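coords please:
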Amino acid sequence: MSGSPGLSGLNVLVAGATSQAGIAAAEAFSSAGARVIAIGSNSGRLESSLGHLQSVERRTCDLTDFAAVQALSRELRAGGTNVDGLIHLVGGWRGGSGVAEQSDEDYDFLHRSVLTTLRNTTRAFVGDLSRSPRGRIAIVSSKAVDEPAAGSASYAAIKAAAETWVRAVAQEFNKTPDGQARAAASVVVVKALLDEKMRAESPERRFPGYTHVRDLAVMMTGLFERDAATINGQRLDLTS
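Below you'll find the model as predicted:
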């Protein structure tokens, strides 16, 4: 896999690192020369998913617990690590056949998995990212925000809230003496993600409009090579 060159010296935190997108991101950022700090909730899954990447630092943390995320950020800074990038890939999907089938349990799961983890990680690391010469935050969102369906109402609503949160972070990044952002918070929009396991399980499917996790990872590494002012607060559409 090839990644964007020139990321040597940057510390990039990948949240949700045991997902297929997280694995691809860790591989791409490592290939591009960045130091990767992979965060997951289970040490066994971290080892089995990322053990082949010897340079990747693996950390367990419950990202739904703000105190735990704060403790992680303090521990990293105490060890001399200031985070330059936060790639937030924690997610999940829950839905039903219509609005009436959108359960409280599913909504609460999505809120904690998608939005709470995003709020906690950005609050804990926004200072580092603001001070970095190339601070970047990126999340993955969905076309469901633009075209919400009744069966995925909870999912679309939570993704929309996550996008709003990122735009608020972007506004804070603009609060520089000259009004020019040097850090950037961006939303990458996909229809759905694709990986090799999905292809193997359904070899007859073509997956039109899907974004392969490797292509997503290359896009994420490329954000660090782009001018912050051009991507801060922007929705970057990978569906076209």
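
so what's the spatially most central residue of the chain bridging to?
Nearest residue to the geometric centre of the chain (Cα atoms, centre = their mean): His88, 2.1 Å. Note on His88: beta-bridge partners Ala15, Ile139, judged by DSSP bridges.

I'd say it and Thr116 touch.
No - in this structure His88 lies outside contact range of Thr116 using Cβ atoms under 8 Å: 11.5 Å. (C-beta placed from N, C-alpha, C; glycine too.)

where along the chain do the strands fall?
For the chain, the strands defined by DSSP state E occupy 11-15, 35-40, 57-60, 85-88, 136-142, 184-190, 193-194, 211-212, 235-237.

any chance of those strands in CSV, with mean pLDDT and distance to Leu129 too?
As requested, the strands of the chain are exported to CSV (pLDDT from 0 to 100; distance: least, Cβ to Cβ, whole Å):
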stretch, mean pLDDT, distance to Leu129
strand 11-15, 98, 10
strand 35-40, 98, 13
strand 57-60, 96, 18
strand 85-88, 98, 6
strand 136-142, 97, 6
strand 184-190, 97, 8
strand 193-194, 94, 24
strand 211-212, 96, 25
strand 235-237, 96, 18
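
and those strands as CSV, adding distance to Met220?
What follows is the strands of the chain, written out as CSV (distance: least, Cβ to Cβ, whole Å):
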stretch, distance to Met220
strand 11-15, 9
strand 35-40, 12
strand 57-60, 18
strand 85-88, 6
strand 136-142, 6
strand 184-190, 7
strand 193-194, 12
strand 211-212, 11
strand 235-237, 10
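
of those, which is nearest Leu110?
strand 136-142 (11.7 Å; Cβ to Cβ).

roughly how far does Ser240 sit from Val189?
10 Å (Cβ to Cβ, to the nearest Å).

of these two, give the one with the bigger neighbour count.
Using other Cβ atoms under 10 Å, the more surrounded residue of Ser240 and Val189 is Val189, with 21 against 5.

just checking, that one touches Thr239?
Yes - because the distance of 6.3 Å satisfies Cβ under 8 Å, Val189 is recorded as touching Thr239.

and for these two, which residues touch both?
Common contact partners of Val189 and Thr239 (Cβ atoms under 8 Å, 6 or more residues apart in numbering): Lys143.

which stretches of the protein form helices?
20-31, 43-50, 66-78, 104-110, 117-131, 153-173, 196-201, 213-222, 228-231 (DSSP state H).

give me the below-cutoff pLDDT ranges for this structure.
1-5, 179 (pLDDT under 70).

make it 90
By pLDDT under 90, the weakly predicted segments of the chain are 1-6, 91-97, 175-181, 239-240.

good, we can wrap up now.
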